[in-house]
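**Student:** fold the following, please.
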Amino acid sequence: MIDYEILLMLDPETPDERQQEIVTRTRELIERDGGRFDKHDVWGRRKLAYEINHKPDGTYHLLTFSAEPDALNEVSRILKITDGVMRHLAVRRPKPGRTTTAATPSRDTDREPEYAAATPENSSGARLQPGSGVDDERE
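**Tutor:** Residues are numbered from 1 along each chain as shown. Presented below is the predicted three-dimensional model:
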């Protein structure tokens with residue numbers, strides 16, 4: 001099983017009972033497929049960066065759980081067609097103590113990069129000198 005979290009953005013005009021039904025149904029879907037529901041955090045009503053369906057606010061709920069990828073696909077499919085859900089985002093939770101890092105630099109750190117800026121050359125391959133009259137506009 002993989003650890004996931006889903007951030008639900010629900011329509012702020014949806015009654016609290018309906019919002020709780022959406023969360024409960026999501027929990028049941030996770031547990032039905034053998035997953036483990038860990039936590040439900042209500043973040044509350046927040047201003048959106050841009051309006052969605054002419055609504056400036058959304059109500060946020062963060063659900064954390066563990067499940068198989070197929071169960072996550074089913075939950076995501078159901079949330080897409082559920083009235084009251086404006087948006088949702090499911091992501092993997094990082095393991096505790098594990099950090100994500102950028103790509104490791106190569107061992108040849110003191111080597112010149114192969115993509116270094118090219119210098120202007122004339123047709124014979126010799127470098128042009130500034131003030132030589134040829135391609136002075138580039139300087």
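
**Student:** phi and psi next, for residue 66.
**Tutor:** Per-residue torsions, residue 66: phi -120, psi 140 (degrees, to the nearest 10).

**Student:** surely it is in contact with residue 2?
**Tutor:** Yes - here residue 66 reaches residue 2: they are 6.6 Å apart, a contact under Cβ atoms under 8 Å. Any C-beta I mention is one placed from the backbone N, CA and C, and that applies to glycine too.

**Student:** now the one helix or strand residue 51 maps to: buried residues?
**Tutor:** Here residue 51 sits within strand 36-52, counting by DSSP states H and E. By 16 or more other Cβ atoms under 10 Å, the buried positions in strand 36-52 come out as 37, 40.

**Student:** and that strand, what does it pack onto?
**Tutor:** For strand 36-52, the elements it packs on are helix 16-32, strand 55-67, judged by 3 or more Cβ pairs under 8 Å, 6 or more residues apart in numbering; DSSP states H and E.

**Student:** make TSV from these and add distance to residue 89, mean pLDDT and mean neighbour count to it.
**Tutor:** Output for those, formatted as TSV (distance: least, Cβ to Cβ, whole Å; pLDDT from 0 to 100; neighbours: other Cβ atoms under 10 Å):
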stretch	distance to residue 89	mean pLDDT	mean neighbour count
helix 16-32	13	93	15
strand 55-67	10	94	18
